[in-house]
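A.B. asks: Let me see the structure of the following:
(chains A and B)
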Amino acid sequence: MQLARSNQTNRLDGLTLGLLGLGVVGAVVGLVMALSAPPDQSQGFVARIFHVHVPTAWMAYLASFGALGYSVAYLVRRKAHHDRVAAAVVEVGLIFMALALLTGMLWARPTWGVYWDWEPRLTTTAILLAIYVGYVVVRGAIEDPELRAKAAAGVAILGAINVPISYMSVKWWRSLHQTQSIDLTTGKINVDAAILIPMLVNLAAFTLLFIGLVRLRSIIAAREAAREEA
Amino acid sequence: MPDNPLWNPANPFVAWTFVAVYGLVFGYLGYLLWRYQRNR
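C.D. replies: Have a look, this model is predicted:
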């Protein structure tokens, strides 16, 4: 059982606790700031959904790249730790991906008049979610640990290819969804500072939480693997 | 704009959004901590 063997620590360490603690405090501060942010000129108080919708969507993208990195690392180095972290990243990422879609739907209903539209950004994000649900299904369907890790890595790599397409879809196929609030291709910020700052606080807090949750999930996976091996 | 639901600070879509995000993220954190304790 080469895959279950690992020299990775499986105790809850100070860094993980620190990341989670700071993330929780930051998220609470972000919540207070979001709920006291000024209303948008055209969307009023409904625009407050922006303060959590954008950070959750960014976490979904971060998860895709994290899963890509650890999956490639597994395929190159064949260390069980990399496979476990990739699986943890996908599990945590799925939560944020689902939240990005849910918050988007709750924002779309009062502003677009519908919960869902098969427009490019929503469609590519739904495909992304489907790919990572597929990742979990693949992991659950294959018993052989090495084959499971290789197949899952392939799905994770496939999922990451969709991220730049999803990100750029609002520009390439201009449709219902607005263009990027912070355009990473040009560096242009299209939001007022009073609305931007609470979003950035939430983005920082969710990033800390994301990394902390992935570390905690990986520790649990390492413990379970060690127990199975014993 | 008192009659416009978009300008209602307690708009239910906004309320449900924050409940869902914070409930799910903190709930998942609680679940992982419980699972960690159970495996000790």
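
A.B. asks: Only C-alpha atoms from now on, for both contacts and neighbour counts.
C.D. replies: Fine.

A.B. asks: Helices of the chain, start to end?
C.D. replies: Because you didn't say which chain, this covers chain A. A:14-35, A:50-77, A:80-112, A:120-141, A:145-172, A:193-229 (DSSP state H).

A.B. asks: nope, chain B please
C.D. replies: Using DSSP H, helices in chain B cover B:12-38.

A.B. asks: Next to chain A in this structure, residues from it, please.
C.D. replies: B:6-9, B:11, B:13-14, B:16-18, B:20-21, B:24-25, B:29, B:32, B:35-36, B:39 (Cα under 8 Å from any Cα of the partner chain).

A.B. asks: Narrow those residues to those that are buried.
C.D. replies: B:6-9, B:13-14, B:17-18, B:20-21, B:25, B:29, B:32, B:36 (16 or more other Cα atoms under 10 Å in any protein chain shown).

A.B. asks: circling back: same list, the helices of chain A, but as CSV with mean neighbour count and mean pLDDT please.
C.D. replies: Formatted as CSV, the helices of chain A follow (neighbours: other Cα atoms under 10 Å in any protein chain shown; pLDDT from 0 to 100):
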stretch, mean neighbour count, mean pLDDT
helix A:14-35, 18, 96
helix A:50-77, 22, 96
helix A:80-112, 22, 96
helix A:120-141, 18, 95
helix A:145-172, 19, 93
helix A:193-229, 21, 93
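
A.B. asks: Show me the one of these that comes nearest A:Gly44.
C.D. replies: helix A:80-112 (10.3 Å; Cα to Cα).

A.B. asks: That closest one near chain B anywhere?
C.D. replies: Yes: under the criterion of Cα under 8 Å from any Cα, helix A:80-112 makes contact with chain B via A:Ile95, A:Leu99, A:Leu102, A:Thr103, A:Leu106, A:Trp107, A:Pro110.

A.B. asks: for those residues, which one is nearest A:Asp192?
C.D. replies: A:Trp107 (19.0 Å).

A.B. asks: residues in contact with the closest one?
C.D. replies: Neighbouring residues of A:Trp107 by Cα atoms under 8 Å, 6 or more residues apart in numbering or on different chains: A:Val46, A:Ala47, A:Ile49, A:Tyr115, B:Phe13, B:Val14.

A.B. asks: Next, find the distance separating the spatially closest residue to A:Thr207 that is not a sequence neighbour from B:Ala15.
C.D. replies: In space, and not counting its chain neighbours, A:Thr207 is closest to A:Met59: 6.8 Å by Cα to Cα, 6 or more residues apart in numbering or on different chains. Separation of A:Met59 from B:Ala15 (Cα to Cα, to the nearest Å): 21 Å.

A.B. asks: Run through who's touching stretch A:175-195.
C.D. replies: Counting by Cα under 8 Å, 6+ apart, A:Ala37, A:Pro38, A:His51, A:Glu119, A:Pro120, A:Arg121, A:Leu122, A:Val170, A:Lys171 sit against stretch A:175-195.
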